[in-house]
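Q: Structure here, sequence nowhere to be found:
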């Protein structure tokens with residue numbers, strides 16, 4: 001029999017209640033591999049309850065317990081756990097590119113003490129980022145793309161750059177930067193060449209030195225660039241705390257000429273809209289509800305929905321809320337016209353999904369979410385990555401590590417299973433007829 005060893009599992013940023021199905025999937029995965037809790041394995045769980053600020057303390061607390069391996073979920077949780085230990089093996093489930101933030105040397109051979117499952121990864125991401133920049137600055141025509149030529153991830157993005165630029169009608173100048181000392185000369189070149197915007201890549205060089213980049217933004221070169229063009233937007237990617245790092249004034253209102261992306265690439269936005277329109281064809285609007293203070297990726301999801309809206313003859317609108325007390329008032333206003341609600345990944349809406357779903361049903365609004373717990377608890381439908389399967393597979397990595405396999409030999413993996421869940425009972429209560437073809441495609445129909 002295997003000796004009893006402790007596995008610490010940090011799930012963030014939600015509560016134990018919100019992630020009960022994920023914890024259950026992990027436990028089942030371990031049981032399937034022959035582990036019996038209390039007999040040959042022990043688990044310790046910590047939850048941030050929707051408060052990302054708790055993560056550093058929770059990560060340090062788990063590391064102090066000296067477990068054999070730590071399994072974590074969410075980009076912020078992975079980063080904080082990695083800060084807390086560089087020796088204890090970490091099995092992650094994250095939407096953030098692990099090579100871009102220094103968690104892994106490569107997907108095939110991570111090295112270090114982190115491996116696991118990456119839920120995203122899209123070569124077309126750079127095109128979406130340039131599109132955001134184009135929308136932010138009407139009339140923009142020439143953009144600089146700052147990359148690290150020694151970074152394999154940047155090389156992958158650059159393959160998609162020419163086609164993306166042509167599709168958007170943009171002229172692009174690639175600015176090669178291999179070290180921090182080259183930041184200012186690159187920006188000075190952007191000024192001389194009359195570039196109107198700047199995209200900064202995912203390279204760990206830029207992420208690891210983001211405070212130096214902030215200093216460069218305040219430098220004479222950038223001041224000259226602003227003076228020359230009026231404003232040069234700088235889009236950063238994979239910044240975990242843009243407010244704390246001084247990149248923006250706030251998530252809802254960045255101010256200045258800087259904005260960007262913290263982690264998720266929302267390619268599912270158009271699919272959620274398609275699903276919503278298929279179930280509720282009479283809607284004329286689709287509203288994306290999110291916590292304005294906590295969901296910094298909401299703008300990305302909204303842009304995805306907004307771009308797809310014309311083909312479904314609906315108007316995309318943002319529906320930010322600052323607290324649970326605002327939700328009913330927002331839903332009441334939305335109910336004045338035939339409107340569908342979309343819930344992107346957001347700790348706030350997930351934490352209060354049952355209350356929000358009940359309010360939406362009360363006012364007759366059909367809903368679509370990224371997570372199955374919405375339709376399970378009364379929402380209309382969901383489509384997204386089947387997260388429990390990732391945690392089940394994470395249990396397999398934990399098993400291999402406990403048996404002595406080197407973490408560096410375990411490649412980072414991406415999802416292969418997506419899940420469509422429809423609550424037929426809710427559809428009937430809303431007076432909606434779900435097409436039989438859609439029911440046939442569903443992975444789960446709740447009756």
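A: Thanks, I have it. Since we're looking at a predicted model, the values are computed, not measured.

Q: Could you tell me how many residues sit around residue 419?
A: For residue 419, the neighbour count with other CB atoms under 10 Å is 17. All C-beta spots, glycine's among them, are computed from the backbone N, C-alpha and C.

Q: nearest spatial neighbour of residue 277, skipping sequence neighbours?
A: Leaving aside its chain neighbours, residue 277 sits nearest to residue 312 (4.5 Å; criterion: CB to CB, 6 or more residues apart in numbering).

Q: Now for the one you found: which residues touch it?
A: 273-274, 277, 286 (CB atoms under 8 Å, 6 or more residues apart in numbering).

Q: quick one: residue 62 and residue 45 touch, right?
A: No - judged on CB atoms under 8 Å, residue 62 makes no contact with residue 45 at a distance of 9.3 Å.

Q: Would you mind telling me which of these two has the busier surroundings?
A: Neighbour totals were compared for residue 62 and residue 45, and residue 62 leads with 23 against 15 (other CB under 10 Å).

Q: Residue 349: neighbour count?
A: Using other CB under 10 Å, residue 349 has 27 other residues around it.

Q: who's in contact with it?
A: 289-291, 295, 343, 356, 369.

Q: swap the cut-off to 6 Å and go again
A: For residue 349, the contact set (CB atoms under 6 Å, 6 or more residues apart in numbering) comprises residue 343.

Q: Which helix or which strand is home to it?
A: helix 347-351 (DSSP states H and E).

Q: Show me how far that helix is from its chain's centre.
A: Centroid separation for helix 347-351 versus its chain: 14 Å, with CA atoms, centre = their mean, to the nearest Å.

Q: which stretches of the stretch 301-447 of the chain form strands?
A: Counting by DSSP state E, counting those that start in this stretch, one finds strands in the stretch 301-447 of the chain at the ranges 315-321, 339-343, 367-369, 381-385, 418-423, 444-446.

Q: where exactly do the helices run in the stretch 201-350 of the chain?
A: Secondary structure of the stretch 201-350 of the chain by DSSP state H, counting those that start in this stretch: the helices cover 204-208, 210-217, 220-229, 269-279, 298-308, 324-334, 347-351.

Q: picking that back up, what about the contacts of residue 312, which one has the most neighbours?
A: When neighbours are counted by other CB under 10 Å, residue 286 leads the contacts of residue 312 with 28 neighbours.

Q: Show me the beta-bridge partners of it.
A: Residue 286 has these beta-bridge partners by DSSP bridges: residue 316, residue 340.

Q: Can you verify my assumption that it contacts residue 341?
A: No - between residue 286 and residue 341 there is no contact under CB atoms under 6 Å: 7.9 Å.

Q: Quickly list what's touching both of the two.
A: None of the residues lies in contact with both residue 286 and residue 341 under the rule CB under 6 Å, 6+ apart.

Q: ok, and what's touching stretch 375-389?
A: Under the criterion CB under 6 Å, 6+ apart, residues 21-22, 25, 119, 271, 275, 354, 357, 366-372, 374, 415, 417-423, 426, 446 lie in contact with stretch 375-389.

Q: okay, now residue 389: neighbour count?
A: Residue 389 has 17 nearby residues by other CB under 10 Å.

Q: actually residue 199, not the one I typed
A: Counted with other CB under 10 Å, residue 199 comes out at 25.

Q: now it: how far from residue 144?
A: Applying CB to CB, to the nearest Å, the value for residue 199 to residue 144 is 7 Å.

Q: This completes my enquiry, with thanks.
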